[in-house]
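> Sequence unavailable; structure follows:
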């Protein structure tokens, strides 16, 4: 049988339905007043399993998880995030943006669980993907499981292509197609890369050039 | 608001009765409890079915035996003892007047607001197929519809009178072994509606099926098949109720819709099965499979559902967008209260180029209920330039309930665009305060807010249905804010 009521996800790190991969390999516990910040970068050619679970156990704990992935060959990227709000007034944010080309296979499975009594929770989650080839595959499964009522939770997920109007605008101003696309991709990743140190950001930009 | 007032309000809602919860005292033909090949042969014999349909059932039964109950839904589903269910129950016919409707049945449907006599109703004319337990009682306006070439009758009649059509389309959208409950339905289905709209015909009135469970210990397994030929149009409505009982009753239906080139089908449901009492006792287990296919180019299928009933709902009306430039929408309001559980949503499978779909889902949970949205949007390699937008909002009323969202987006087409958004929040205190300040009582304010919240969906319903749905929302939730 399935289950319909709250089960502590940390005792039973169970992936969403149909998923078998998440095991909660990386685990973090965030106490009252603490703030956890994690940023993941997956560069071209790299297959990765990011499998992270965060337990917000103290009142007012905060967690920010970000990530970018750039795929253009036959990478296999799996991102599993379990964000568990166990205490009141915690805040969590997740933002994962990525580009998938070649024969890449990307899965994002982000799960937010708000336990009963974790009131005044704020939890946000975003996953945006650009699909760049006909042989790549992107799957996004953002999940919300909310067992408290005084919460603000939202998620957004998109899979799409580079905006043609923007391209047209730049090209009509004499920016070559390659450069226009480069600028679009860099700005698409910017919400994540802007927090990276200078050399990290440069590395990502250099990688975008190779796509 | 103070504690007492809060308790009072909570008591008021729990005391709210389910007005469709009466039992009709009518003599019934029941077959013995249990499920095996003999039972299936018996159902088939009672319905005087041709050999091919019996074979279809037996094949389904064998497949079902090899399957297991799905465990992935976010539901605490009780163990269902399939041997403890009566699979066929029909009101006895008066032998002297077999054509006439038993006045008790007519009275039942009258009481439910479903006219079995052909007459004008508020929003114009509606043709009804009324199903009572395992049989269709009557189908109205058949002659008027037949003049246009439209076939609207019970499934059993369709098998007798239009076997070629039934055979051509049956199980083409929902294969026999699609899932556990669909396989069960294929083996034991009793009655349901059949609807065929010929090429280029615009159905002059709304068609509607009304399903009523009455007998104790039974399950209802109806099957609906709608075929809309090229360029045709039909608006189809479905409603349902059941008596109040301590036992849970199973309802496992299958609905299949075939939409040909440029045809337009609108399917609306107001689901008001008995939800169980305030302690979570009894109620209907509503485990249904509904799926349509936009077969030809430019075909359009829209699903609108208002789900307020059932102890457990497991339902994903879905569309396969095969024809180029075909479109589909899913609009849903699901309300759960007390111990109700709902796991509902949709699947949009984009195969053709330029296909478009839109999903708007509004969940409202109160009491100790659990309400989940589950959806799939798939963009296949052929879906050039396809587009989907999904918006799923959940509203929480009270701190003991749960609201969940499980979307799945899969894309393998770089020209396709998918967007999904979901929010979860509680009923806004600012809005309540604002309305209170203007002299609007708490209960009425909640009603206003919820109706406003669900408006986008309610406005899609045919007029008569919209009125009923609004009333239902009010009854399910009035004053449930503390």
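Sure, I can see it. The structure displayed is predicted, hence computed values, not measured ones.
> tell me which residues in stretch A:44-55 are buried?
By 16 or more other CB atoms under 10 Å in any protein chain shown, the buried positions in stretch A:44-55 come out as A:44, A:48, A:50-55. Where C-beta positions appear, they are placed from N, C-alpha and C, glycine not excepted.
> which residues are contacting it?
Stretch A:44-55 has contacts (CB atoms under 8 Å, 6 or more residues apart in numbering or on different chains) with A:9-10, A:13, A:21-30, A:36, A:38, A:40, A:42, A:63, A:65, A:67, A:69-73, A:75-84, A:86, A:92, A:207, A:210-211.
> got a list of what the residue nearest the centre of chain A touches?
With distances taken as CA atoms, centre = their mean, chain A has residue A:96 as the residue nearest its mean C-alpha position (2.6 Å). Contacts for residue A:96 (CB under 8 Å, 6+ apart) come out as A:40, A:65-69, A:79, A:81, A:108, A:110, A:126-128, A:192.
> Go again with 7 Å.
By CB atoms under 7 Å, 6 or more residues apart in numbering or on different chains, residue A:96 lies in contact with A:67, A:79, A:108, A:127.
> Tell me the spacing between the last one and chain B.
Summarising the geometry, the distance separating residue A:127 from chain B, computed by CB to the nearest CB, to the nearest Å, is 9 Å.
> and the stretch 1-150 of chain B, which residues reach chain A?
Residues of the stretch 1-150 of chain B lying near chain A by CB under 7 Å from any CB of the partner chain: B:71-77.
> and with 10 Å instead?
For the stretch 1-150 of chain B, the residues in contact with chain A (CB under 10 Å from any CB of the partner chain) are B:69-79.
> hmm, which of the residues you listed are the buried ones?
For these, a burial check counting by 16+ other CB under 10 Å picks out B:69-70, B:73-75, B:77.
> Could you take those residues and lay them out as a markdown table, with extra columns for pLDDT?
As requested, these are arranged in a markdown table below (pLDDT from 0 to 100):
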| residue | pLDDT |
| --- | --- |
| B:69 | 90 |
| B:70 | 89 |
| B:73 | 90 |
| B:74 | 90 |
| B:75 | 91 |
| B:77 | 87 |
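> Can you name the two of those that sit furthest apart?
B:69 and B:74 (14.5 Å; CB to CB).
> which stretches of the stretch 51-200 of chain B have low pLDDT?
B:94-99, B:118-125 (pLDDT under 70).
> rerun that using 90 as the cut-off
B:70-72, B:76-79, B:89-144, B:190-192 (pLDDT under 90).
> likewise chain A?
If you take pLDDT under 90 as the line, chain A has these spans: A:1-26, A:117, A:149, A:211.
> quick one: strands adjacent to the helix or strand harbouring the residue nearest to the centre of chain A?
Here residue A:96 sits within strand A:91-100, counting by DSSP states H and E. Take DSSP bridges as the rule and strand A:91-100 pairs in its sheet with strand A:62-71 (parallel), strand A:121-131 (parallel).
> what would those strands look like in JSON lines with distance to residue B:25?
Listed next are the strands paired with strand A:91-100 as JSON lines, based on distance: least, CB to CB, whole Å:
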{"stretch": "strand A:62-71", "distance to residue B:25": "61"}
{"stretch": "strand A:121-131", "distance to residue B:25": "52"}
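> Now mean neighbour count too, for these, in a markdown table please.
Below are these laid out as a markdown table (neighbours: other CB atoms under 10 Å in any protein chain shown):
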| stretch | mean neighbour count |
| --- | --- |
| strand A:62-71 | 23 |
| strand A:121-131 | 23 |
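> So for the closest residue to residue B:371 other than its chain neighbours, what's the pLDDT?
Sequence neighbours aside, residue B:365 is the residue nearest to residue B:371 in space, at 4.1 Å (criterion: CB to CB, 6 or more residues apart in numbering or on different chains). Looking at residue B:365, its pLDDT reads 91.
> For chain A, which segments count as helices?
A:164-172, A:177-193, A:198-210 (DSSP state H).
> out of the ones you listed, which comes closest to chain B?
helix A:164-172 (10.4 Å; CB to the nearest CB).
> Check the offset of that closest one from the chain's centre.
28 Å (CA atoms, centre = their mean, to the nearest Å).
> in the stretch 251-400 of chain B, which ranges drop under the pLDDT threshold?
Applying pLDDT under 90 to the stretch 251-400 of chain B flags the ranges B:270-282, B:308-310, B:337-338, B:366-368, B:397-400.
> Which positions in it make contact with chain A?
Residues of the stretch 251-400 of chain B that fall close to chain A, judged by CB under 10 Å from any CB: B:312, B:314, B:339, B:341-343, B:365-366, B:368-374, B:376-379, B:381, B:384-385, B:387-390, B:392-400.
> Looking at these, which are in strands?
With strands defined by DSSP state E, the entries of those inside them are B:312, B:314, B:341-343, B:365-366, B:370-374, B:376-379, B:387-390, B:392-397.
> my read: residue B:198 touches residue B:148, true?
Yes. Between residue B:198 and residue B:148 there is a contact under CB atoms under 10 Å: 7.7 Å.
> what touches both of the two?
Both residue B:198 and residue B:148 are in contact with residue B:232, where contact means CB atoms under 10 Å, 6 or more residues apart in numbering or on different chains.
> Same list (the contacts of residue A:96) but as JSON lines, adding distance to residue A:162.
Below are the contacts of residue A:96 laid out as JSON lines (distance: CB to CB, whole Å):
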{"residue": "A:67", "distance to residue A:162": "20"}
{"residue": "A:79", "distance to residue A:162": "22"}
{"residue": "A:108", "distance to residue A:162": "19"}
{"residue": "A:127", "distance to residue A:162": "17"}
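> out of the helices of chain A, which comes closest to residue B:472?
Of all the helices of chain A, helix A:177-193 sits nearest to residue B:472, with 42.7 Å by CB to CB.
> Okay, buried residues for that closest one please.
Buried residues in helix A:177-193, counting neighbours by 16+ other CB under 10 Å, are found at A:180-182, A:184-185, A:188-189, A:192-193.
> Is it correct that residue A:71 is in contact with residue A:99?
Yes. With contact defined as CB under 10 Å, residue A:71 counts as touching residue A:99 (6.7 Å).
> which residues do those two both contact?
A:44, A:106, A:132, A:136, A:138, A:211.
> Neighbour-wise, give me the winner out of the residues you listed.
Among those, residue A:138 has the most neighbours (other CB atoms under 10 Å in any protein chain shown), with 29 neighbours.
> In this model residue A:79 seems to touch that one, though I could be wrong.
No. With contacts counted by CB under 10 Å, residue A:138 stays clear of residue A:79, the gap being 11.2 Å.
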